[in-house]
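K.L.:
Need coordinates for the below:
(one chain, ligands or ions: 2)
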Amino acid sequence: MSVTDQAFVTLATNDVYCQGALVLGQSLRNHTTSRKLAVLITPVVSSGMRSVLRSVFDEVIEVDALDSADSVRLALMQRPELGVTFTKLHCWTLTHYSKCVFMDADTLVLCNVDELFDREEFSAAPDSGWPDCFNSGVFVFRPSLKTYDLLLRFAAEHGSFDGGDQGLLNSFFSNWATADIGKHLPFLYNLSSNAVYTYVPAFNHFGRDAKVVHFLGATKPWNYKYNLQTKRVMQDGTTSGSFHQLSFLALWWNIYSASILPLLEKLQKMEESESEECKHTFNGVEITLKKVSPSVANSLQTPVLPEQTYEIHPTASSPEEPPFEAQPVCEVEKSGSNIHPSEPDRPSEQLVFHPAFQETSELNEVTRSVSELSIHFKPEEPSPEEERRKWEEGRMDYMGKDAFEHIKKKLDAFLH
Ligand SMILES: O=c1ccn([C@@H]2O[C@H](COP(=O)(O)OP(=O)(O)O[C@H]3O[C@H](CO)[C@@H](O)[C@H](O)[C@H]3O)[C@@H](O)[C@H]2O)c(=O)[nH]1
Ligand SMILES: [Mn+2]
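P.N.:
Ligands and ions are numbered 1, 2, ... in the order given. Next up, the predicted model:
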């Protein structure tokens, strides 16, 4: 029975985070939620991505990155670092819902979590870094313009101790840690993927009951590459991960390749660039499918069946990026079913067929010839005028291209 006045809400301020929102939305659908799905976006999200979002979410709601409550707005304009934070707060304006569950775009549900709607505002799970604070990646709230206004005022007045929404919300709902244990969601509803290795025995003991995985931190699932043949996440040389972490990442990519990629293809026939790869290009995002050259593909000895555990053939992927081999990640199907034996959308059931290649090749050839899937963030180069304006406003990129070492290099080049 569907409940129309309650919703899961997420946020994607750009096309990159949309990839996460889509996988989250699809995971909620796969586990047959009875609630509505809503996504907040900002004006920069491309029209193509919006139409893909609409096929997964019931509502795609555009909000301004900085708008609303005029008196507070000015004060907030002085604090550009609160921009994204502020955008998350817009979820309180969704007053056509009586109760909502906010979920970060970098979360993924592993089973139906509709029971979260039995909780009251403000319920959240402890943060693994500082358990007296809650993590703001999953929380139960009641939309209310009054609360929204109070939050904006609070933000303008006090800022955020961590510069993000989590610090702000923890200061605002400051009695969360002590007032009502009913508002402490079990950690299983917001399992940070790094907790998998920070407390291994606990993960081994409780992890099978995980309900929501949260890929918090700098490296998101879409920053990895995925091998479609082996259904493994490929290691980029700088990341290491435990078996379970990689399993969760593989699950993310499995949903992405099985359910999201076909939606993107429907929208836009894959652009065949060189013979080697196919690309989807959105606003600042490029989704790439790399093909293995036929000779390499033919050299694969093992038939590619998703249920099978097999060794990765090193030539199956690009030489500079060896697939992750230290852990038996190909067992992701098994590990998944260990966690929730009865869940329907475990990776093993999902096979990816790429229509762009189907016309020319047989099934096996398809899975053999499409090898690597990756998403690239391509920020648009700011114009010289824009750069100059930033300098004049004192907004240099001290850590990046305006770092002293770079400026020194330029000076040296100039003086020589
Ligand atoms: O450019 C961005 C950045 C963030 N988001 C949204 O904001 C959420 C939070 O950002 P995220 O990158 O997921 O942050 P975390 O790595 O999860 O870090 C923590 O710190 C954040 C800032 O306080 C909190 O929002 C998170 O809940 C908390 O887990 C994302 O999931 C998205 O929904 C965007 O849409 N665009
Ligand atoms: Mn997050």
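
K.L.:
make it CA atoms for all contacts and neighbour counts henceforth
P.N.:
Fine.

K.L.:
Tell me the residues of the chain that contact ligand 2?
P.N.:
Within the chain, the positions lying close to ligand 2 (C-alpha under 5 Å from the ion) are Asp104, Asp106, Leu216.

K.L.:
From what I see, the first one and Leu11 are in contact.
P.N.:
Going back to what we said before, that points to Asp104. Yes. Using C-alpha atoms under 8 Å, Asp104 makes contact with Leu11 at a distance of 6.6 Å.

K.L.:
Now do the shared contacts for these two.
P.N.:
Ala21 (C-alpha atoms under 8 Å, 6 or more residues apart in numbering).

K.L.:
care to break the protein down by domain?
P.N.:
Listed domain ranges for the chain are 3-188+198-208, 219-377, 385-415 (source: automatic domain parsing).

K.L.:
And those, which one averages the lowest pLDDT?
P.N.:
Across the domains of the chain, domain 219-377 has the smallest mean pLDDT, namely a mean of 57.

K.L.:
what's the straight distance from one end of that domain to the other?
P.N.:
13 Å (C-alpha to C-alpha, to the nearest Å).

K.L.:
One more: stretch 136-152?
P.N.:
Stretch 136-152 end-to-end distance (C-alpha to C-alpha) = 16 Å.

K.L.:
What residues sit buried inside that stretch?
P.N.:
136-144, 148-149, 151-152 (16 or more other C-alpha atoms under 10 Å).

K.L.:
Stretch 244-264 too?
P.N.:
244-264.

K.L.:
Count the neighbours of Asn194 for me.
P.N.:
19 (other C-alpha atoms under 10 Å).

K.L.:
same check, this time on Arg208
P.N.:
Other residues close to Arg208 by other C-alpha under 10 Å number 16.

K.L.:
how near is it to Phe8?
P.N.:
From Arg208 to Phe8 the distance is 24 Å (C-alpha to C-alpha).

K.L.:
Looking at Asp104 and Leu11, which is more packed in?
P.N.:
Taking other C-alpha under 10 Å, Asp104 and Leu11 do not tie; Leu11 has more neighbours (29 against 22).

K.L.:
Confirm the more buried one sits in a strand?
P.N.:
Yes. Counting by DSSP: H, G, I helix; E, B strand; the rest coil, Leu11 falls inside a strand.

K.L.:
returning to that earlier point: need the residues of the chain next to ligand 2 in JSON lines (columns: secondary structure and distance to Asn175).
P.N.:
As requested, those are exported to JSON lines (DSSP: H, G, I helix; E, B strand; the rest coil; distance: C-alpha to C-alpha, whole Å):
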{"residue": "Asp104", "secondary structure": "coil", "distance to Asn175": "22"}
{"residue": "Asp106", "secondary structure": "coil", "distance to Asn175": "26"}
{"residue": "Leu216", "secondary structure": "coil", "distance to Asn175": "24"}
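
K.L.:
Among the buried residues of stretch 136-152, which one lies nearest to ligand 2?
P.N.:
Nearest to ligand 2 among the buried residues of stretch 136-152, counting by C-alpha to the ion, is Gly137 at 5.2 Å.

K.L.:
That closest one reaches Phe102, doesn't it?
P.N.:
Yes. With contact defined as C-alpha under 8 Å, Gly137 reaches Phe102; the gap is 7.3 Å.

K.L.:
which non-adjacent residue is nearest the residue in the stretch 301-416 of the chain positioned nearest to ligand 2?
P.N.:
The nearest approach of the stretch 301-416 of the chain to ligand 2 comes at Phe377, 17.6 Å away (C-alpha to the ion). Counting by C-alpha to C-alpha, 6 or more residues apart in numbering, Phe377 lies nearest to Val285, which is 4.8 Å off, once chain neighbours are set aside.
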